[in-house]
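A.B. asks: have a look; sequence and predicted model below, questions after that.
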Amino acid sequence: MTSKELVRKLLEDRRIPIVNEEEHAFLIRYQMNYVQIGSLQENSRGIAVTLSAIFHADDEKEAFLGLKACNELNYRLMQVKLYLDDDKDLVIASEFFYKNEEDVEYQLDIALSAVLTAKKKFSAQYEAEVEEDKLMHELED
């Protein structure tokens with residue numbers, strides 16, 4: 001069974017609807033978020049779970065603070081990475097490789113949990129970075 005077939009079966013068993021399907025990815029609605037499950041190539045045993053469209057940096061200052069928040073969380077969190085893409089949108093990704101079919105359910109649960117936890121932590125960390133930046137500017141003035 002391919003990675004794509006394994007993930008499809010797991011989603012169907014859990015009654016998680018597939019919102020959109022592309023050649024190598026599913027878009028699902030999971031706990032009030034749109035999550036993409038990708039890298040579902042036929043011979044690949046690697047799966048990527050990504051969450052995006054939750055933060056966009058409108059200017060260089062927001063991008064700088066967003067990157068600071070990403071760097072701090074990348075240092076503290078396991079199984080997940082956060083970054084700003086070329087459009088300055090936040091992407092939260094968790095990737096895994098599996099050895100056998102039984103691994104997929106366990107690893108997918110961890111990946112979904114990791115991206116949702118990182119989403120919550122990013123919001124808090126970004127607000128902390130904004131407050132620290134305000135304080136630094138007040139001290140400079």
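C.D. replies: Alright, I've got the coordinates.

A.B. asks: each with direction, which strands does the strand ranked longest in the chain pair with?
C.D. replies: The longest strand of the chain (DSSP state E) is strand 46-56. Strand 46-56 sits in its sheet next to strand 33-38 (antiparallel), strand 89-97 (antiparallel), going by DSSP bridges.

A.B. asks: can you show me the strands along this structure?
C.D. replies: Under DSSP E, the chain gives strands at 18-22, 25-30, 33-38, 46-56, 81-84, 89-97.

A.B. asks: could you export the ones you listed as JSON lines, including mean pLDDT and distance to residue 133?
C.D. replies: C-beta coordinates here come from the backbone N, C-alpha and C atoms, glycine included. Shown next, in JSON lines, are the strands of the chain (pLDDT from 0 to 100; distance: least, CB to CB, whole Å):
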{"stretch": "strand 18-22", "mean pLDDT": "94", "distance to residue 133": "36"}
{"stretch": "strand 25-30", "mean pLDDT": "94", "distance to residue 133": "33"}
{"stretch": "strand 33-38", "mean pLDDT": "94", "distance to residue 133": "27"}
{"stretch": "strand 46-56", "mean pLDDT": "94", "distance to residue 133": "16"}
{"stretch": "strand 81-84", "mean pLDDT": "97", "distance to residue 133": "17"}
{"stretch": "strand 89-97", "mean pLDDT": "96", "distance to residue 133": "18"}
